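Peer 1: Below are the sequence and a predicted model; questions follow.
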Amino acid sequence: MRNLVIRYAVFVAGLYFLSLGVVCIVKSTLGTTPISSINYVLSLNTPLTLGTATFLLNMLLILGQFELIKGRSTRKDVVEILLQIPFSFAFGAFIDFNMWMCRGIEISNYWYALAMLCVGCMSQAIGVVLEFKPNVAIMSAEGFVKYASRRYNKEFGRLKVGFDLLLVSSAALLSLAMSGTIDGIREGTAIAALTTGYMVTFLSIHIFSRRNLNRLLSIIPVRR
């Protein structure tokens, strides 16, 4: 029981770092991440906050997952998808909290913008590792790709790349339709997409390896 609670705590910590990474990349003014591109466009052109837009998109992806497993679902699948609802709410709340915390940050120097982008990518990478290592839940974007790859018998990695490209292109079209310009998609979007995966690999092997995580869990005192 204690181990399960700690694993969920690590997962939630991963969501926080992931949200912080999204906010740092947005604040860099060099774009946003592929998974947040549609959410960001909506937050710029509607009264919705970035966190609220993120939560609503996650709800659509959750509905999409139920469509993908229709006729071939297991109890485990249903539980895994339903678990995404409270975690999506927490993720959206973390994003809005970090946007509020960073509300005074205004970057005009390009090198400072690049530095903020790098901080955001690293925070995102930490979040991804902490999200996947505990193996207790999955977020809606990855869940949607997972069940799509299972239903259509396609490789997860290739579908994920295609899914990200679809999000970015949809965000660009949505931005053009709503404001007449393309907002939130710049070189930072490409840099985040290309570098975060390498950072995740490095952190998984050298920093957050299973041995290091088990060592951390072993030194956490148990309250009796």
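Peer 2: That came through, no problem. Numbers count the residues shown, from 1 in each chain.
Peer 1: Any idea how many residues pack against the closest residue to residue 18 other than its chain neighbours?
Peer 2: The shortest distance from residue 18 to any non-neighbouring residue, by Cβ to Cβ, 6 or more residues apart in numbering, is to residue 127 (3.0 Å). Placement of C-beta: from N, CA and C, glycine included. Residues within reach of residue 127, counting by other Cβ atoms under 10 Å, total 24.
Peer 1: so which strand or helix has residue 127?
Peer 2: If you go by DSSP states H and E, residue 127 is part of helix 110-132.
Peer 1: which outside residues touch that helix?
Peer 2: Helix 110-132 is contacted by residues 10-11, 13-30, 33, 105, 107, 139, 188, 191-192, 195-196, 199-200, 202-204, 207-208 when judged by Cβ atoms under 8 Å, 6 or more residues apart in numbering.
Peer 1: Strands - which of those land there?
Peer 2: Among the contacts of helix 110-132, no member is found in strands (DSSP state E).
Peer 1: which of those residues are buried?
Peer 2: 10-11, 14-30, 33, 107, 139, 188, 191-192, 195-196, 199-200, 203-204, 208 (16 or more other Cβ atoms under 10 Å).
Peer 1: next one: stretch 158-165 to chain centre, how far?
Peer 2: In terms of Cα atoms, centre = their mean, to the nearest Å, the centre of stretch 158-165 is found 14 Å from the chain centre.
Peer 1: ok, and for that stretch, which residues are buried?
Peer 2: So for stretch 158-165, counting by 16+ other Cβ under 10 Å, buried means 159, 160, 163, 164.
Peer 1: pLDDT averaged over it - what is it?
Peer 2: For stretch 158-165, mean pLDDT is 86.
Peer 1: Name the surrounding residues that touch that stretch.
Peer 2: So stretch 158-165 is contacted by 34, 35, 141, 142, 144, 145, 148, 149, 193 (Cβ under 8 Å, 6+ apart).
Peer 1: Go again with 6 Å.
Peer 2: Here stretch 158-165 makes contact (Cβ atoms under 6 Å, 6 or more residues apart in numbering) with 34, 145, 148, 149.
Peer 1: Which ones among the contacts of helix 110-132 map onto helices?
Peer 2: Counted as lying in helices by DSSP state H, out of the contacts of helix 110-132, are 10-11, 13-27, 188, 191-192, 195-196, 199-200, 202.
Peer 1: Find the least confident helix or strand in the protein, judged by mean pLDDT.
Peer 2: helix 210-219 (a mean of 56; mean pLDDT, DSSP states H and E).
Peer 1: re the thing from before, out of the buried residues of stretch 158-165, flag the one nearest to residue 56.
Peer 2: Of all these, the one sitting nearest residue 56 is residue 163; the distance, using Cβ to Cβ, is 17.7 Å.
Peer 1: what about the closest one, helix or strand, and which?
Peer 2: Here residue 163 is assigned to helix 156-179, by DSSP H and E.
Peer 1: Good, we can wrap up now.
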